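Student: The following comprises the amino acid sequence and a computationally predicted model.
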Amino acid sequence: MTYTFWIEILIFSSFGNLLNAFVLYPIALFIISRFFKKKVETAEEYRPGISILISAYNEEKLISDAVASIYNSEYPNELIRVIVGSDGSDDNTINILNELKTKYDSLEVYDLPRSGKNRILNILAEKVETPLLFYMDADLRIQNGTISKLTEQLSDTEVGAAMAAVKIVVDPEDENAGVKGESLYQKLETYIRIWESSVSSTVNSLGTLYGIKTELYQPLPNDRVCDDLYRILITSYKKKRVIFVPDAIVTEVREKSLGDELGRRIRLAAGGLSAVWEVRDVFIPFKKGYAWMSFALYTHKILRWSAPIMLIGILLGAILLPEESMIYDKVMIGQAVLYGGGLIGWILEKMKINLFPFRILVFFLSMNIGFLLGIFRFIARKQNSAWLGSELSKENILPESI
């Protein structure tokens, strides 16, 4: 076997994994979902008491509308308990929340020292006494009927968690590659979540409103795990279904930029890998009851996070590939289109010129840069729960395991 052969193997295997993660898995999932559907037995009258937890850090512009959207939803207010913890906010967040307490009797507010989202949520969860436990962020607005649609799914004894869909709200004049790319990316992810849920359980969190049965709750083990993905994986690990509910909608109102999305991808990849590490034994061959979880988790998440490594493999192969190779021209054209188009797109973005194909290339490359840096962050075992501000001090890190 020649030198050229091994370089071509590197290129083909890297491209194959990329194709599997972004194209073949969705196609295969669509086909599987046509033949192997598992129905959720919902009860429309199911209206248990619920607790909704919010960890807030300097959210003075967003927190009031977030809380109001909960109480203005159709869910009976007497069944709602909202528990908000300020993660060391140094703006007007606490004052606003204290004012809201005079309006909403079941709103509880805790002014806690800065220690990261995961620790704050663990503290708040200890105060929950209701059958269902919901999580949301301050930049979300709950639409009418959303909570009921989630609780109906949770009436099924086989369902352990239910997740709402998110609609990104942005001023058209503020639209950028980060907003456009994330919107399209989430459309693909929406279909994947629907198909995964119909077969068994989705392994992909969304950072949106979601609820779990309190009996399945486990504290977050450390400040490295992505909080929402960890809970979803633990629910599946306990052999309960996680269902994505596309007609249960929340809107996300926080402004986005390409730089913001890069930082978000870094933290989500690092936190996601840390969460997967906590349930790593599902990948043990023939471990009973985890075949679907390990297949979906590997193909949907791990391969996706590994995409930048595949891109580097193809780029390295292109550099080393001899000109006499039959695929030389195709590989070179592909690299020129991807990286040349990405550079042009970045320049156009700076000039505020909107050309859709170039915006998508910029978002794709930015996303994979984020994934790569997230892998490095995971290896370095850095915290991911304090999304703003400086790194947390060592004394604020949670226990290593649960």
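Tutor: On my side now, so go ahead.
Student: burial measure for Gly145, as a count.
Tutor: 14 (other C-beta atoms under 10 Å). Every C-beta, even on glycine, is put in place using the N, C-alpha and C of the backbone.
Student: roughly how far apart are Asp87 and Leu100?
Tutor: Note on Asp87: its distance to Leu100, by C-beta to C-beta, to the nearest Å, is 17 Å.
Student: For those two, work out which one has more neighbours and name it.
Tutor: Comparing Asp87 with Leu100 by neighbour count (other C-beta under 10 Å), the higher total belongs to Asp87, at 27 against 18.
Student: And Arg81, which helix or strand is it part of?
Tutor: strand 80-87 (DSSP states H and E).
Student: go on, Ser294?
Tutor: Per DSSP H and E: Ser294 is located in helix 291-296.
Student: Repeat that for Ser55.
Tutor: Assessed by DSSP H and E, Ser55 sits inside strand 50-56.
Student: Show the average pLDDT along the helix or strand following that strand.
Tutor: Downstream of strand 50-56, the first helix or strand assigned by DSSP H and E is helix 63-71. Averaging pLDDT along helix 63-71 gives 96.
Student: could you check the angle strand 80-87 makes with helix 63-71?
Tutor: Computed by axes from the mean of the first three to the mean of the last three C-alpha atoms, to 10 degrees, the angle separating helix 63-71 from strand 80-87 equals 160 degrees.
Student: Flag the helix or strand of this structure with the lowest per-element mean pLDDT.
Tutor: helix 177-199 (a mean of 81; mean pLDDT, DSSP states H and E).
Student: how far is that helix from where the chain is centred?
Tutor: Distance of helix 177-199 from the chain centroid (C-alpha atoms, centre = their mean, to the nearest Å) equals 11 Å.
Student: Give me the helices and strands touching it, please.
Tutor: helix 25-35, strand 159-168, strand 241-252, helix 258-278, helix 356-379 (3 or more C-beta pairs under 8 Å, 6 or more residues apart in numbering; DSSP states H and E).
Student: rewinding a little: got the CA positions of the next helix or strand along the chain from the strand holding Arg81 in PDB?
Tutor: Following strand 80-87 in sequence order, the next helix or strand is helix 93-101 (DSSP H and E). The C-alpha coordinates for helix 93-101 follow below in PDB (Å, rounded to 0.1, in the frame of the first residue of the first chain):
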ATOM      1  CA  THR A  93     -31.400  42.100  39.300                       C
ATOM      2  CA  ILE A  94     -32.100  41.500  43.000                       C
ATOM      3  CA  ASN A  95     -34.000  44.800  43.500                       C
ATOM      4  CA  ILE A  96     -36.200  44.000  40.500                       C
ATOM      5  CA  LEU A  97     -36.900  40.500  41.800                       C
ATOM      6  CA  ASN A  98     -37.700  41.800  45.300                       C
ATOM      7  CA  GLU A  99     -40.200  44.200  43.700                       C
ATOM      8  CA  LEU A 100     -41.700  41.300  41.800                       C
ATOM      9  CA  LYS A 101     -42.200  39.300  45.000                       C
END
